[in-house]
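Visitor: structure for the following, please:
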Amino acid sequence: MFLTFEDYQEMGGQLEKPEFTQAEFVARQKINELTHNRIQDVTENIKMCTFGLIERGYLIPITEQGTLGSRDVLSASANNISASYESVQGKAESFIRSCLSDTPNLFYAGF
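Guide: Numbering: from 1, shown residues only. Predicted coordinates:
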């Protein structure tokens, strides 16, 4: 567990324990996916990153209708009617990399 319910509440979290437990699990899985399960010691950065993922809503990429959740327009073109979007997943990954930028070896995918 990267963040306890007690720590979450002390940080100002508003979820109830059942919702928090699920959200913490999803956040931990996402962080572990990007860091290749290299986290051995849970630092304050890891706790803050987990809290941020939960509170910013980066863990709910699917809406009730089963479609991709909210996306922000990154760029648009009027004549060709093209646009690029950043997905919730992209935001989550950027957020994690930003939070843990002081330990870049966590993200290295080689041997």
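Visitor: sketch out the strands for this protein, chain order is fine.
Guide: Using DSSP state E, the strands found in the chain span residues 72-77, 82-86.
Visitor: now do the longest helix along the chain: everything it contacts.
Guide: The single longest helix within the chain, with elements called by DSSP state H, is helix 17-35. With contact meaning C-beta atoms under 8 Å, 6 or more residues apart in numbering, helix 17-35 is reached by 1-3, 5, 8, 13, 15, 39, 46, 49-50, 53-54, 59, 92-93, 96-97, 100, 106-107. (Each C-beta comes from the backbone N, C-alpha and C, glycine too.)
Visitor: what about the protein, any weak spots by pLDDT?
Guide: Where the chain drops to pLDDT under 70, the residues are 60-88, 104, 110-111.
Visitor: the same query, at a cut-off of 50, please.
Guide: Regions of the chain meeting the criterion pLDDT under 50 cover residues 61-71, 73-74, 76, 83.
Visitor: tell me which stretches of it form helices.
Guide: Counting by DSSP H, the chain has these helices, from start to end: 5-10, 17-35, 44-55, 88-99.
Visitor: and the ones you listed, which is most packed in?
Guide: Comparing the helices of the chain on average neighbours per residue, with mean count of other C-beta atoms under 10 Å, the densest one is helix 44-55 at a mean of 19.
Visitor: gap between it and the chain center?
Guide: Centroid displacement of helix 44-55 relative to its chain, using C-alpha atoms, centre = their mean, to the nearest Å, is 8 Å.
Visitor: over to stretch 50-58?
Guide: In terms of C-alpha atoms, centre = their mean, the centre of stretch 50-58 is found 6 Å from the chain centre.
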